[in-house]
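Undergrad: I would like to see how this sequence folds:
(4 chains)
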There are 2 protein chains.
Amino acid sequence: MARTHGSKAEITGPLVRDAARSLFARHGYGAVSMRQIAAEVGVQVGALYAYTPDKQALLADLLRSHMDELLSEWRDDSSQPALVRLKDFLRFHIATSLKRPEAVFLSYMELRSLSPENFRDIARLRRRYEDALEAILAAGEAEGVMSVPDRRLATMALISMLTGVTNWYREGGRLDQERVVAIYWDLVRGTVGA
Amino acid sequence: MARTHGSKAEITGPLVRDAARSLFARHGYGAVSMRQIAAEVGVQVGALYAYTPDKQALLADLLRSHMDELLSEWRDDSSQPALVRLKDFLRFHIATSLKRPEAVFLSYMELRSLSPENFRDIARLRRRYEDALEAILAAGEAEGVMSVPDRRLATMALISMLTGVTNWYREGGRLDQERVVAIYWDLVRGTVGA
DNA sequence: GTCTATAATGGGATAGAC
DNA sequence: GTCTATCCCATTATAGAC
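TA: Numbers count the residues shown, from 1 in each chain, chains lettered A, B, ... in the order given. This is a model prediction of the structure:
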């Protein structure tokens, strides 16, 4: 990973973000040093500061851009039946969780490491994502095809359940992604009383 | 919180554990210093080492004793119908999560901060707790009162869902503990196809 | 059992050369 | 844009006085 002056300059930015995401997810924000990140990228620590003003901004950028991507990639078609929308949400959430497990885990776990300002911003994005699911449950109840005891709590319960995939899923393990989606769909349908 | 020589010696041990548990849960193991823990207790940093050989052992003790308590407090009566056992488990898990939210959160989140040896030990305890739930699902299927697409995965999904309470529950908030149990029981029943 | 003091190391961040 | 070198401060852990 050694590096001579100036080579690969154009791709270092993404590499810094990749390394930070991976290390933060594996060891926790507070446990990772800028020196470790630099070593993973193959540069010296000073070079990192060409890409981020400080460590906190690096974390906030990772979380913000993950939430931005989630929100911009998610396409809800509210003209569809609620059960179709729910299954689409499930498929989307699991696909994302398995494609970018570190970003998902990080966004779930390191909110607490954000400065108050960054926390407010990112919690707001997170809330919009939760609300997207809650709207589907509301539609399902209006259609009479779902029934939950408390809509907000059911939303949080479903998000926790789905995000939990990142805790046990292993690429190349017992189950492939399609199978995981099918199993969770069974579970989720029951949870919302469908 | 200042302290003169020798006072309160007999209760410092528990205070150290309380402070460490609370700080680790709020800020993450790696982000908390022994100085912060000492300040919270009201002693100087050197005094901590009368109660723990090092910081890693402090974390491991917290996680190990939490899991030990969980496993020793949980009383499963396998002569009961599986749905009764499941509801008892739910009640137990939520009661514990709301009584010791920091310990639950910590045991869920800081496994990654353990040394490999400590990780093995505590993951084993954790697995025994998960297996207790899985056994109830197996009994429910045998009785024909539950139906899940994949028992191991349903177990993990339920644990994630239940442990998620610690993410949003606030003492004195909209819902009291009894109400939370009732709502989750509705959700869980659906999830297991009962 | 707790204090003060200190050792040894590593932390985030910056300056200036190239 | 990256390097080397450095500043300054925090870190874990220990030693020895009380």
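Undergrad: For the rest of this, base every contact and every neighbour count on C-alpha atoms.
TA: OK.
Undergrad: Show me which residues of chain A sit near DNA strand C.
TA: For chain A, the residues in contact with DNA strand C (Cα under 7 Å from any atom of the strand) are A:Val32, A:Ser33, A:Met34, A:Arg35, A:Gln36, A:Val45, A:Gly46, A:Tyr49, A:Pro53, A:Asp54, A:Lys55, A:Gln56.
Undergrad: so where's chain A uncertain?
TA: A:1-10 (pLDDT under 70).
Undergrad: How about the secondary structure of the residue positioned nearest the centre of it?
TA: With distances taken as Cα atoms, centre = their mean, the residue of chain A nearest its centroid is A:Val104 (2.5 Å). Using DSSP: H, G, I helix; E, B strand; the rest coil, the structure places A:Val104 in helix.
Undergrad: Surely it touches A:Ala95?
TA: No: in this structure, A:Val104 is not within contact of A:Ala95 by Cα atoms under 8 Å, at 11.0 Å.
Undergrad: domains of chain A?
TA: Taking automatic domain parsing as the reference, chain A has its domains at A:9-52, A:56-191.
Undergrad: Just the endpoints, please. Distance across the longest one?
TA: End-to-end span of domain A:56-191 (Cα to Cα, to the nearest Å): 38 Å.
Undergrad: do stretch A:167-185 as well
TA: One end of stretch A:167-185 sits 18 Å from the other (Cα to Cα).
Undergrad: Same question for stretch A:17-36.
TA: Taking Cα to Cα, stretch A:17-36 runs 13 Å from one end to the other.
Undergrad: Report whether it contacts chain B.
TA: Yes: using Cα under 8 Å from any Cα of the partner chain, stretch A:17-36 reaches chain B at A:Arg26, A:His27, A:Gly28, A:Tyr29, A:Gly30, A:Ala31, A:Val32.
Undergrad: returning to what we had before: who wins for proximity to B:Trp168 among the domains of chain A?
TA: Nearest of those to B:Trp168, taken as Cα to Cα: domain A:56-191 at 8.0 Å.
Undergrad: starting at the chain centroid, how far to the closest one?
TA: The chain centre lies 8 Å from the centre of domain A:56-191; the measure is Cα atoms, centre = their mean, to the nearest Å.
Undergrad: ok, that domain near chain B or not?
TA: Yes: contact of domain A:56-191 with chain B (Cα under 8 Å from any Cα) involves A:109, A:112-113, A:148-150, A:154, A:156-162, A:164-165, A:183, A:186-191.
Undergrad: Looking at these, which are in helices?
TA: Residues of those located in helices (DSSP state H): A:109, A:154, A:156-162, A:165, A:183, A:186-191.
Undergrad: Which among the residues of domain A:56-191 next to chain B count as buried?
TA: When the residues of domain A:56-191 next to chain B are checked for burial by 16 or more other Cα atoms under 10 Å in any protein chain shown, the buried set is A:109, A:113, A:148, A:154, A:156-162, A:164-165, A:183, A:186-191.
Undergrad: what number of residues lie near A:Glu73?
TA: Residues lying near A:Glu73 (other Cα atoms under 10 Å in any protein chain shown) number 11.
Undergrad: follow-up on the earlier one: so which of the domains of chain A gets nearest B:Ala139?
TA: Between those, domain A:56-191 lies closest to B:Ala139; by Cα to Cα that is 17.9 Å.
Undergrad: For chain A, which segments count as helices?
TA: So, for chain A - with DSSP H - the helices run A:12-27, A:34-41, A:45-48, A:55-73, A:82-99, A:101-109, A:116-143, A:151-163, A:165-168, A:177-191.
Undergrad: Now distance to B:Ala19 too, for these, in a markdown table please.
TA: Below are those laid out as a markdown table (distance: least, Cα to Cα, whole Å):
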| stretch | distance to B:Ala19 |
| --- | --- |
| helix A:12-27 | 22 |
| helix A:34-41 | 28 |
| helix A:45-48 | 34 |
| helix A:55-73 | 25 |
| helix A:82-99 | 34 |
| helix A:101-109 | 21 |
| helix A:116-143 | 22 |
| helix A:151-163 | 27 |
| helix A:165-168 | 27 |
| helix A:177-191 | 38 |
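Undergrad: and A:Ala60, how many neighbours?
TA: Other residues near A:Ala60 come to 22 when the count uses other Cα under 10 Å.
Undergrad: residue contacts, it?
TA: Shown in contact with A:Ala60 (Cα atoms under 8 Å, 6 or more residues apart in numbering or on different chains): A:Leu114, A:Asn118, A:Ile122.
Undergrad: now do 10 Å
TA: Shown in contact with A:Ala60 (Cα atoms under 10 Å, 6 or more residues apart in numbering or on different chains): A:His66, A:Ser107, A:Glu110, A:Leu111, A:Ser113, A:Leu114, A:Ser115, A:Glu117, A:Asn118, A:Phe119, A:Asp121, A:Ile122.
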